Every structure is written in C-alpha cells, then in structure tokens.
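J.: 3D, please:
(one chain, ligands or ions: 1)
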Amino acid sequence: MPKSVDYSELAKHDSAEDLWIAVNGEVYDMTEFAQGHPGGPDVIYKYGGNDASSAYNEAHGPSLIRKSLDVKFHMGSIDPKAFPKQSQGNTKETDEKIKESEERPSLDSIINLDDFEQAATKSLSAKAMAFIGGGSNDNITRDANRSALNNIWLRPRVMKNVKNVNTTTTLFGAQLDLPVYIAPTGGARTGGAEGELTFDRGAAAGGIIHCFATPSSYPYDEILEATPERALFQLYVNKDRVQSEAAIQKIAASGKVKAILVTVDVPVVPKREDDERIKSNEAIVIAGVKTTVTGGDKKGGGLARQSSGFIDSSVDWSLIPWLRSLTSLPVLVKGIQTAEDARIAHSMGCDGIVLSNHGGRAADHAPPAILILLELQKHCPEVLSSMEVLVDGGFRRGADIVKAVCLGASAVGLGRSFLFSLSYGQEGVERVIDILRDEIETAMRLCGMTDLMRDAHPRFINTNRVDQLIPEEEHPYAKKIVRDRPRL
Ligand SMILES: Cc1cc2nc3c(=O)[nH]c(=O)nc-3n(C[C@H](O)[C@H](O)[C@H](O)COP(=O)(O)O)c2cc1C
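T.: Model prediction:
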C-alpha cells in the first residue's frame, strides 16, 4: 500500500536541494534526478513542492517517471483534489495552450507537409511550436536546408514508359517501401498523440522505419513493444557511460533494433532562441526555488544551453571502438557535416553516417544538409559507395528525396513534419508517408525513372546554382596567420 502524502507535506520540499513533485497522483523525490533531466533541471525546479502533471504529460508517457526513478524516490500517493485552487493552475495553463481542436483543418484537407505545420499551430501550444520549429540562433541553417534543396533543379527525361514505378529499398536488413525514415526527435510526445509509440505504429503501417531517440517520451521497453518488427535507435552518449551501456544492451536484446545512430553534433546544447524566449519567460515564475538559473544572461534566456545535462561533451573518435565492444549492431555517426569527418568515420569502420546539422538546431551557419552530400561527391565519393549514407534536414517534398538519392543517399530522414503530423495521431503519420510516396512516384515519373534506387543518377539533377558553395578542402587563399613578432 503506497504511503499517502498530503499537500502540506509536498509543499515543504520545494528547493533544488530538497525537491518533490507530484505527477498524476504520485509524489516523487526529484532532488538527484533534476540535474540529469534531458530537458534541463529548471522545468522540474519550477514545479518543486507542487503538481507537475500537466507539464509532465505534455512531453512524457505516463510510466516514464516511475520506470526511470529508483523505487526509493517514489514518496507515496496524493489525492489530486488536495491541491489548492491556485496550484491547479498547471492544468489551466495547458488548457490555454492546447487550443480547440475544432479550429484544426480536417486531415483530408492536408495535401503537403507544410500544411501539417500550419495545422499544428491550431492545436499545439506556442511553447511546443517553438520547441519543435526552432533552430539555433538566427535559424540560418534551418532555413538554408530548404533553400539549398530548392536551388537544385531536376532534369526530366521523357518517353521512358513510367507506367510502373518502384520506390522500395533495404536498410540494415529492413525492407522499406520508400527510402525514408522518421528521424529521431527527443520528447516526441510534445507533438501530440503517443509520440514515439504513434511513430512506431505509423511507420510500420506506412512501410518505413522510425529511429527513436535517447531522450524519448516513453520507456524503451514500451517503445519496442509498440514496434511490430523493426526500429533504429539514436544514442546520445551519457556522461555516465553505464547508462548508455544499459540502454544499448536493452535495445539490442529486443532483436528489433537494426542499427544505432550515435549523435555527435551537439556536444553542448546550442542557443535555441525561439525555445529559450518562452522558457525564460516561464522561468520568472520559478518561485521560492533555489536554483542557479535565474532566467537570463547576457546572451539571452540561456535555459536550453544550460540543459545539456547528460550529454558527454568529451566524446571523441575513441567512441567508435567503445561502441563496437558493446554491440554487434551497425553503428552510424549522426551529425557529419564535412568530407573530412566522413572520411574519418569511414576509416574507423563505421557502418554508415548521417549527414545532418540536426535540422539547423546544432551550429547555426553549418552547411545545408544537401550540400554536405555534394561535398562528399566532390571530395570522397568512396565513402558514398562503401557505407550507408543517410541525410536529413529540410526535406519536405518527394522531389527533395529523389534529389538526395540521385546524389547517392541511401535514405532520407524527416523530423519536424512527422512531429507536426502527430496532432492527427497515427493517421497523420501515415498521411505524411502517403503524401511522400505520391510525390516521390510523381517526381520519378516526371523525370523518367522507374526504379528509384537503380535509376537515380546525378544526371537527373542540375546543381549549378549551388556548386560554388561547395568548399575546397583548403581555403582557396586564406592562410592561418602565425605572427612573426610579438604583439605590441
Ligand atoms: C523537436 C526536435 C527534437 C530533436 N531531437 C533529437 C534527438 O533527440 N536526437 C537527435 O539525434 N536528433 C534530434 N533532432 C534532429 C532530428 O533527428 C533531425 O536531424 C532533424 O529534425 C531533421 O530536420 P527536419 O526537422 O528539417 O526534417 C530533433 C529535431 C527536432 C525538430
């Protein structure tokens, strides 16, 4: 019989050094856990001594907290009616943010992937939209991902009998109907429905594959249970390596995970200003909680930057042999942005790489994803022919995917579009896949291709408008300046 905790007892534990919160009628001691929370400690501090159910439920599956914490941190049960009116404001906050679903367009009226983003503004909170939609700093790379794709032209060939077309492919032993996967997005429940669980079911129904993220909204065993056959797993290496080892063992034991994508492009959480603005406003209401974060520094809100928490920023290439010693699953490095690093990954014996700038959420001004693919074509085509090369960032049209495959990509990942589709549950996810299938097949037919993976070739595209953006390996004229006399 769990101990019963009353509100006055909960309310006493409201500081960073002694932090209890209530979630869905259960009280947990979060003092130790808060610092390692993937979303940063502040959001937990904010609810110290109080009910955090609404905020928790927006981004997490119901059982995650119970399964992530040692049983000794479960302090007992609390009757939700025990909360005084003002502290039930959390629910009101969510109600205000989750707008009336009647405003939302019907799924039938959604005809492209941008429509999903537009529709999501009707059902998601401003905070969720900022978290999902935002990139780093000025969003230069986020937006350039798309504009670079838009600057690559197709070269349609005609009279090719395109009555029947084939878009299927194989990725790490998984048969896919399309060379497309759901890119890993932490806390997918922020987009709606059952986050990762909905992605797994939707990907299976639509004949593609989902890569679930280390900071998932649900415990891994629940995600794997919802996965009929196959999935990919994205790994952020934890400062506490034991936790990463345990995660790898758990996902490998399921037999469903086909490959591990280890993400290396965010050794620190960059400055995500869209997200930070909203978080920093909320930080003002952190009342009576002792925390070193006060809601702003000279660079801005700063909260996202201080939530890098669990990611190990000391990771270097010795990571690859370490991963190899733990698992025989294929290992891909996610976040490769130069030909130099693609070559190193190749020489380290990785099974693949993911060309990605994290959807413009890592280094702002990093190159657009499709241009990294061109850089590899120019400087190290051997990498493309001997490893699986995945790419993500800004892909929104079937023709975008055809362009990437023409340049040698094995498959293309999409993050935000799938998150926005969650507002419509599994049907939304399947609809994204159907739209992409239709657009890919149409682009193939219009260009004279019948079998995508066989026929795709750079001759189907014209990259003249972006070719001057592909760097030489050495700067054409600038040299590192070594001073030959001491500074004055
Ligand atoms: C809300 C959100 C959360 C993300 N979380 C992760 C993550 O936990 N791990 C990771 O490797 N990439 C993460 N990504 C990056 C995606 O895997 C992918 O690189 C990016 O979304 C592709 O760009 P797109 O959104 O323009 O399709 C995230 C992206 C978004 C939008």
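J.: use CA for all of it now, contacts and neighbours both
T.: Noted.
J.: Which pLDDT value goes with the closest residue to Ser356 other than its chain neighbours?
T.: Excluding the flanking residues, the one nearest Ser356 by Cα to Cα, 6 or more residues apart in numbering is Gly335, at 4.6 Å. What the model reports as pLDDT for Gly335 is 98.
J.: where do the strands sit along the stretch 151-300 of the chain?
T.: In the stretch 151-300 of the chain, the segments counted as strands under DSSP state E, counting those that start in this stretch are 153-154, 169-171, 174-176, 180-182, 209-212, 231-235, 257-263.
J.: So, low pLDDT: which residues of the stretch 101-250 of the chain?
T.: For the stretch 101-250 of the chain, applying pLDDT under 70 flags the ranges 101-102.
J.: Around the ligand, which positions in it sit nearby?
T.: With the criterion set to Cα under 6 Å from any ligand atom, the stretch 101-250 of the chain comes near the ligand through Phe131, Ile132, Ala183, Pro184, Thr185, Gly186, Ala213, Pro215, Gln234.
J.: residues contacting whichever residue of the stretch 1-150 of the chain sits closest to the ligand?
T.: The minimum distance from the stretch 1-150 of the chain to the ligand, using Cα to the nearest ligand atom, falls at Ile132 (3.8 Å). Listed by Cα atoms under 8 Å, 6 or more residues apart in numbering, the contact partners of Ile132 are Gly191, Arg416, Leu419.
J.: Make TSV out of those residues and add neighbour count and distance to Phe199.
T.: Listed next are those as TSV, based on neighbours: other Cα atoms under 10 Å; distance: Cα to Cα, whole Å:
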residue	neighbour count	distance to Phe199
Gly191	30	11
Arg416	26	12
Leu419	30	9
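J.: can I get those in CSV with distance to Asn462?
T.: Shown next, in CSV, are the contacts of Ile132 (distance: Cα to Cα, whole Å):
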residue, distance to Asn462
Gly191, 36
Arg416, 27
Leu419, 31
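J.: quick check, the residue of the stretch 1-150 of the chain closest to the ligand in a helix?
T.: Yes: assessed by DSSP: H, G, I helix; E, B strand; the rest coil, Ile132 belongs to a helix.
J.: On the strand side of things, show who Gly413 bridges to.
T.: Here Gly413 shows beta-bridge partners Tyr181, Asp392, assigned using DSSP bridges.
J.: Would you agree it is in contact with Gly393?
T.: Yes: assessed by Cα atoms under 8 Å, Gly413 is found in contact with Gly393 at 7.4 Å.
J.: sorry, back to before: nearest to the ligand among the contacts of Ile132?
T.: Looking across the contacts of Ile132 and measuring by Cα to the nearest ligand atom, the closest to the ligand is Arg416, at 3.8 Å.
J.: so how far is Arg230 from the closest one?
T.: Counting by Cα to Cα, to the nearest Å, the separation of Arg416 from Arg230 is 21 Å.
J.: Could I get the residues of the stretch 101-250 of the chain next to the ligand in TSV, plus columns for distance to Pro367?
T.: Below are those laid out as TSV (distance: Cα to Cα, whole Å):
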residue	distance to Pro367
Phe131	22
Ile132	20
Ala183	19
Pro184	20
Thr185	21
Gly186	23
Ala213	23
Pro215	26
Gln234	22
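J.: Determine which two of these are furthest apart.
T.: Pairwise distances among these were taken by Cα to Cα; the largest, 19.1 Å, belongs to Phe131 and Gln234.
J.: quick one, which of those two is more surrounded?
T.: Per other Cα atoms under 10 Å, whichever of Phe131 and Gln234 has more neighbours is Gln234, with 26 against 19.
J.: Who does that one form a beta bridge with?
T.: Leu261.
J.: show me the contacts for it.
T.: So Gln234 contacts Pro184, Cys211, Phe212, Ala213, Thr214, Ile260, Leu261, Val262, Thr263 (Cα under 8 Å, 6+ apart).
J.: Top of the residues you listed by number of neighbours, please.
T.: Result: Phe212 is most packed of the contacts of Gln234 (other Cα under 10 Å), 32 neighbours.
J.: ok, that residue - contacts?
T.: Counting by Cα under 8 Å, 6+ apart, Phe212 touches Ala183, Pro184, Thr185, Gly186, Glu196, Ala231, Leu232, Phe233, Gln234.
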